[in-house]
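# quick one, what's the 3D model for this:
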Amino acid sequence: MKNLSNILFWIIVPLTLIYIPYQKGYIFNNFENISTKDAYEQLLVDTNITVLDVRTKEEIKSDGKIKASILIPVQLLKENLELLEKFKDKKIYIYCKTGNRSVTASRILSSAGFKAYNIQGGIKNWKKEQLPIEY
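Purely as a prediction, here's the structure:
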């Protein structure tokens, strides 16, 4: 039994050490990460950027949203990619509440040929940096 425990330990620990950075979009990503401040500054000067919010309508009601962002909840993204086809030549900045779902959405979009940028920390960081939001 002790050998089984040791084997499981040496399997689970390395997998966990890989899974967490993968889930956060730090490793094995096919998209770029961008800080909230950098995203905001780029949005002020670059008109070739589309902003995608992958939260739910309820979250927008309580937390607000980045101006002019398009709402497609992450769980509906794969079947609604055609809604974004007209933005395929633009950068797409993607955010959620904390930056986890936006990593998933960034992977989906990048795999479909979009120029995906994950806004790190999501709307929570955006608000922490006191960047403008609308309700």
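# and the strands in the chain?
Assigned by DSSP state E, the strands in the chain fall at 32-34, 49-53, 70-71, 91-95, 115-119.
# other SSEs contacting the second one?
Okay, so that is strand 49-53. Here strand 49-53 touches helix 36-45, strand 70-71, strand 91-95, going by 3 or more C-beta pairs under 8 Å, 6 or more residues apart in numbering; DSSP states H and E. Any C-beta I mention is one placed from the backbone N, CA and C, and that applies to glycine too.
# which of those is buried the deepest?
Mean neighbours per residue, mean count of other C-beta atoms under 10 Å, is largest over these for strand 91-95, with a mean of 26.
# just the pLDDT for Y19.
Per-residue confidence (pLDDT) for Y19: 63.
# check contacts around the spatially most central residue of the chain.
Note on the chain: the residue nearest the mean C-alpha position is S102, at 1.8 Å, using C-alpha atoms, centre = their mean. Residues counted as contacts of S102 (C-beta atoms under 8 Å, 6 or more residues apart in numbering) are 54, 74, 94-96, 118-119, 122.
# cool, and A39?
Neighbouring residues of A39 by C-beta under 8 Å, 6+ apart: 93, 117, 119.
# let me know whether the first one touches N48 as I believe.
No: applying C-beta atoms under 8 Å, one finds Y93 not in contact with N48, separated by 11.1 Å.
# where does the closest residue to S111 other than its chain neighbours sit relative to N80, distance-wise?
Leaving aside its sequence neighbours, S111 sits nearest to N30 (C-beta to C-beta, 6 or more residues apart in numbering; 6.4 Å). Plainly put, N30 is 20 Å away from N80 if you go by C-beta to C-beta, to the nearest Å.
# excluding its backbone neighbours, what's nearest I34?
Nearest non-adjacent residue to I34, counting by C-beta to C-beta, 6+ apart: Y117, 4.8 Å away.
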